[in-house]
Structure formats: structure tokens, C-alpha cells
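Structure for the following, please:
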Amino acid sequence: MSDSKKLLERYALDAFLQNNRALRTYTVYEDERPDFLLVHNEHRIGIEHFRADTILNVHDDSENMKFEGERNAVFKRHNTALLNNEFDAILAFNDIESSVNKILAAVSKFDYGAFVRNLKNVFDTHADKVSDYKKKCNEVWFLIDVGIETEHFLGFLDNGGQTGMNTLPITKDMMNVFNEHRAINRVIVCSRCLGQYKVVYDSCREKYKYRFRSFTYVTPFTRQIKLNIEERRGED
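This next block holds a predicted model:
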């Protein structure tokens, strides 16, 4: 496994661990199948991390990770030019505009049904390996890393209502997937947006209060954006 992939897994794990005092006495060991072992005295918790991103292509592969890579490449290219006194503001703005518009186009085509199907497929694939994971530990937890492109969602409630949200909604369909396999002792969902990780669901905390039927993205733009640069004359 690449170091970069393991680092992303650790970011998600740290987002979960930082607010869990009960786990501070545990030592974290990197492993494979499961990805991490939390050990305290003789008790061992296996944590298996996997992604189930929201923006997918026709093959149900993650577009979120592709967009993240493109954003990093744009920053690196223009930051290097800036450090070398070769920065071109117009070129940089064009690249940013193109990147943002790709994301807006993808978000506008978000398919909730495809997301849930992909989540179930990935979840079931890892659940089939739980018996192997338990050879190394006393219990198995799943840490699901869900990539999102913005933090603007519209959640549709079971009672017919709807509400705007700035965090990933957890729907009944998702909880049905989580509850299907009793051998998994705990399920944690962590959202990932622009490199920031946030825990949005933990099956061992109080019961989830809202019953969402589905959700979709909402964006502050109704169409593609266009960036303009004013030329500045005279001395800087």
C-alpha cells in the first residue's frame, strides 16, 4: 500500500479518535486487514477503513478523488510558478474556473440511488472479510470515509419535509446497510471535504435523531461560474 493512501486512512482515524476519551489509553498500530489495531492490555480492536464517495462516474469509481488530485495539481503548478516569479494570474484564474465548473457539473448530476448502491457494495465486500479480521482482534469496527464536494446539502425527511444542511445526512437506507451485518461491532462515518475530516455518524452513540429519506447537493450557483480579473496599472 502506498504511503499516501495510508496517510489518508490515518487522517480519517484521527478525526474519530480526537474526541473519544475512552480510546486514549489504546495504542494505535498500522496493519492490513484490518487497517489498524487499537490495543489496550489484552483487548484489541480492529478498524477497517474504506471509502464510499458521493460523486461517482459511470463505472461507480470515485470522481471525488480525481477532483481532489486535480485541485492539488493546480495549486502545485501555480504555487511553483509564484515561487519562481513566473506566476500568470490569468492562467491561474482560468485553471481555477475550469476546476470549479467541473465540480459544479458533477454535483448537479449527483445520484442518491447510485451512491447508496455503491455504499452497500463496498460495505458488503468488507463485511465478507470480518471473520478473517477477527483472527487478529476481539471486535471489528468499520470506519467509512465518504468524500463530498461541498457542504451544501438538502435532506428529504420521511415526513415529507426537507431541510438544508452543512453536513452529510445519514439516511435510513444507509443505516439499513450498517445494521445488516451483526458481526460488525461499530460503524463510524467520516466525511471528507477539501482535506477536512468530520465524524458524522457513530453507531455507538445516541440514536440518530433524524430520519432522512434521501438527500441531494445544493450549490450557491445556478450555472457555471466565470471569474474576472481587473488589470491594475501603475506600480504595485
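
Could you list the low-pLDDT ranges of the chain?
Along the chain, the parts satisfying pLDDT under 70 run over 1-4, 56-75, 78, 99-100, 103, 206-209, 220-236.

Leu119: what secondary structure?
When classified by DSSP: H, G, I helix; E, B strand; the rest coil, Leu119 comes out as helix.

Find the nearest non-adjacent residue to it, please.
Leaving aside its sequence neighbours, Leu119 sits nearest to Ala52 (CB to CB, 6 or more residues apart in numbering; 4.4 Å). For the C-beta atoms, the positions are set from N, CA and C on the backbone; glycine is no exception.

what distance separates stretch 122-138 from the middle of the whole chain?
Taking the mean of its C-alpha atoms, stretch 122-138 sits 21 Å from the chain's own mean (CA atoms, centre = their mean, to the nearest Å).

Equivalent analysis for stretch 40-54, please.
16 Å.

Just the buried residues of it, please?
By 16 or more other CB atoms under 10 Å, the buried positions in stretch 40-54 come out as Arg44, Ile45, Gly46, Ile47, Glu48, His49, Phe50, Arg51, Ala52, Asp53, Thr54.

Reformat these as JSON lines; add secondary structure.
Formatted as JSON lines, the buried residues of stretch 40-54 follow (three-state DSSP):
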{"residue": "Arg44", "secondary structure": "strand"}
{"residue": "Ile45", "secondary structure": "strand"}
{"residue": "Gly46", "secondary structure": "strand"}
{"residue": "Ile47", "secondary structure": "strand"}
{"residue": "Glu48", "secondary structure": "strand"}
{"residue": "His49", "secondary structure": "strand"}
{"residue": "Phe50", "secondary structure": "strand"}
{"residue": "Arg51", "secondary structure": "strand"}
{"residue": "Ala52", "secondary structure": "coil"}
{"residue": "Asp53", "secondary structure": "coil"}
{"residue": "Thr54", "secondary structure": "coil"}
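
Could you check how far Lys120 is from Ser203?
Distance, Lys120 to Ser203, by CB to CB, to the nearest Å: 16 Å.

what's the answer for Leu91, then?
Distance of Leu91 to Ser203, computed by CB to CB: 48 Å.

picking up where we left off before, and of the buried residues of stretch 40-54, the nearest to Thr171?
Thr54 (12.1 Å; CB to CB).

Leu91 and Ser203: which is more packed in?
Ser203 (17 against 12; other CB atoms under 10 Å).

these two touch, right, that one and Arg186?
Yes. If you go by CB atoms under 8 Å, Ser203 and Arg186 touch, sitting 5.6 Å apart.

Start from the N-terminal end of the protein and give the strands.
Assigned strands in the chain, in chain order: 27-30, 36-40, 43-51, 139-147, 153-157, 162-165, 186-193, 196-202, 212-217 (criterion: DSSP state E).
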